[in-house]
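In: Please work out how this folds:
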Amino acid sequence: MSLRSYIITIIICILAVQINAQNIKLPGIFTDNMVLQRDIKIPVWGTADPGTNLTITLGDESENITADETGHWEVKMPSMDAGGPYVLSVQGREKIEFKNVMIGEVWICSGQSNMAMSVSEIGKAYDNESEISTAIYPNIRLFTVDPMTSASPQSDLKGSGWKQCIPENVKSFSAVAYFYGMNLYKKLNVPIGLINTSYGGTIIEAWTSGKSLSSIPAFSEILNSVKKYSENNQQFIKEYNSKREEWKSSSMNTDAVYKAGIYKNIDADVSGWKEIKVPELWSTPDLTEFNGSVWYRTIIDIPADYAGKELTLNLGPVDDIDVTWFNGDKIGSQELWDKPRHYIIPASSVKEGKNLLVIRCIDTGGPGGIWGEADQFYLNDNNGNKIPLTGKWIYKKTIPINEFPSKPLSFEDPNCPTVLFNAMVAPLIPYSIRGVIWYQGENNTYSALQYRTLFPLMINDWRTAWEQGDFPFYYVQLANYMSKSPVPAEDTWAELRESQLLTLEVENTGMASAIDIGDSSDIHPKNKREVGRRLSLIALAETYDQDIEYSGPIFKSFNREGSQIRIFFDHSDGLQTNGEKLKGFAVAGSDKKFYWAEARIEGSSVIVWNNNIDKPVAVRYGWASNPECNLYNAAGLPASPFRTDNWEVLTKDYENK
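Out: Numbers count the residues shown, from 1 in each chain. Okay, here's the model as predicted:
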């Protein structure tokens, strides 16, 4: 090659690099098949090399922008009517195109596991197979944000990409979100975009920005620690890791099962242990509200051809922390409540015949247990042979969590304040939306009074971040769960529902009660079709101005009339029961002791009394984890639980913590 040809080749290569060195990138929420919000300006943003000139085109609309000195750029495309499909393109010297883009209604769908539960998980009792096979709505589009955490706000996320609603896509999508969106689509006949950003077993603090949480003094210390962790402060991280290891072992030597060696002695006396199903979240009466240490044991028969070979123990998730032994050898420990476990069992531990598997499960709050799908539980060798591990194990609870030393919070734990906002909400902002639907609260029942502050704080936090005004925020009130109480009693779930009820005072919010469609033995009730429908009624009435009833009766006021109390409600047209007798009311006198009450409907009010209380002063309705109550309005929507008093309740100690 001549010198002249060589120089020309070099110049061409340099020009090619310059032409392609723009690195245009948009966040992961922008993909083919996306839905953009109609009737408002449409933000489009991303990064490129600093100084890059770009033209953004959506349909017939175009905007020009230059990437700033950091490489960031953002435009707001003009508002558009519902329709499509369109192409969204970003043109520099290179061009990025997103095809099959629709303009319609976009809703964020967020919360914990009851929002995350997929259509396939609602089960045969609610026709999951039929629902999936008939879910052919190509103008409903689905996007699922991958569960993740971050100690600092992120600019991008990982997700499924926008997918059209067809059977193969809907089966793994949020059931509540799908049924909500399907109902809107059938009534509005415009494209619907649903963004599922949910994470099971999480607290509301994790979904709130550090900036907003900093307004509550109780969070200052943890927020300062999160900041140090995000800044990679090595001295802080070293001390933090040391504290975490100390905590894991701190309670072991005082635990009766560990002290007696039952975790390693296959012939130990376990006559006081009880049977438990694996996999399953705790549902027995002595465990449903227990937080702390519970030991699991099972005996596994190992065939001769497995003996002396390395095996892998496969388990579903353990809520929250496990320490696992096989024949007395510790083989693993993890802390994330929603992650399956996979531990190597060394060949030296595996013997023919009976082998002992023991798991210490530590639940730090909310539901607990060894859970997941049956096919996640097995031993396997290197040839793929499997021994299933599901069925009846035995268990023994030992130390309650309040007897553990204070636990250093993991900054990778989804229940660390602000980490889900940072990783699963911040990257969505400022994607144009109509509003939010929300299903969460089970993991905040221990701090129900504080939820009165935290829930409105989070709603206003998101609205401030999006800069779209007071957009609609509709949510689900906790469903009935756990065993029924034979007598009126204080209850943390009832207190959390009250905090949700009070949040209706926040502008442009709405609440769908699920008090009648829960499951006493399952914190994840399967009737998500009705949950989605009730949420959609609120949106159709309040956001889309349809003349329909959208709420069950809501307590408004009360009057004492001699030895009776009359209760007045909003949304009270056609008060009725689904049975012959009105249930769920309790009444108290000045001694603050509640007794079950008689009740009857009179027009749009309810009269409540107990013949043994001459001067009643307070009424409660549905005040239990799993109340027996049956007051509805003409629309067939259930009355929200409520109380007329403001007396101290169980979570008073958590109010300011």
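In: Please make it C-alpha for all contacts and neighbour counts, starting now.
Out: Fine.
In: What segments of the stretch 201-350 of the chain are helices?
Out: Secondary structure of the stretch 201-350 of the chain by DSSP state H, counting those that start in this stretch: the helices cover 210-213, 220-230, 234-250, 256-259.
In: The third one versus helix 220-230: what angle between them?
Out: Meaning helix 234-250. For helix 234-250 against helix 220-230, the angle by axes from the mean of the first three to the mean of the last three C-alpha atoms, to 10 degrees is 120 degrees.
In: Count the residues that sit near Tyr474.
Out: 22 (other C-alpha atoms under 10 Å).
In: chain center to whichever strand or helix holds it: distance?
Out: Per DSSP states H and E, Tyr474 falls inside strand 473-477. Offset of strand 473-477 from its chain centre (C-alpha atoms, centre = their mean, to the nearest Å): 13 Å.
In: the helices in the chain, which residues?
Out: Ranges of helices in the chain, per DSSP state H, are 3-20, 113-116, 128-133, 167-170, 175-188, 210-213, 220-230, 234-250, 256-259, 419-420, 448-466, 492-502, 528-538.
In: Comparing those by mean pLDDT, which bottoms out?
Out: When the helices of the chain are ranked by mean pLDDT, helix 3-20 comes last with a mean of 46.
In: re the thing from before, highest mean neighbour count out of the helices of the chain?
Out: Most buried of these by mean neighbour count (mean count of other C-alpha atoms under 10 Å) is helix 419-420; its value is a mean of 30.
In: what's it in contact with?
Out: Met148, Thr149, Ser150, Ala151, Ser152, Ala206, Trp207, Thr208, Phe411, Glu412, Pro414 (C-alpha atoms under 8 Å, 6 or more residues apart in numbering).
In: so who does the nearest residue to Lys76 once chain neighbours are set aside touch?
Out: Closest residue to Lys76 apart from its sequence neighbours, by C-alpha to C-alpha, 6 or more residues apart in numbering: Pro43 at 4.3 Å. Residues in contact with Pro43, defined by C-alpha under 8 Å, 6+ apart, are Glu74, Val75, Lys76, Met77, Pro430, Tyr431, Ser432.
In: Can you give me the distance of Lys556 to Leu502?
Out: 12 Å (C-alpha to C-alpha, to the nearest Å).
In: now Gly365
Out: Gly365 is 24 Å from Leu502, where distance means C-alpha to C-alpha.
In: what's the answer for Ser483, then?
Out: Per C-alpha to C-alpha, Ser483 is found 25 Å from Leu502.
In: care to break this structure down by domain?
Out: Following automatic domain parsing, one gets these domains for the chain: 252-403, 554-654.
In: related to what we said a few turns ago, just the buried subset of the contacts of Pro43, please.
Out: Buried members of the contacts of Pro43, scored by 16 or more other C-alpha atoms under 10 Å, are Glu74, Val75, Met77, Pro430, Tyr431, Ser432.
In: Just put these in a markdown table and tack on distance to Tyr446 and pLDDT.
Out: Listed next are the buried ones among the contacts of Pro43 as a markdown table, based on distance: C-alpha to C-alpha, whole Å; pLDDT from 0 to 100:
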| residue | distance to Tyr446 | pLDDT |
| --- | --- | --- |
| Glu74 | 42 | 98 |
| Val75 | 44 | 98 |
| Met77 | 45 | 98 |
| Pro430 | 33 | 98 |
| Tyr431 | 34 | 98 |
| Ser432 | 35 | 97 |
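In: Just the residues you listed: which are in strands?
Out: Judged by DSSP state E, the subset of the buried ones among the contacts of Pro43 located in strands is Glu74, Val75, Met77.
In: What is the neighbour count of Gln576?
Out: Close neighbours of Gln576, defined as other C-alpha under 10 Å, add up to 23.
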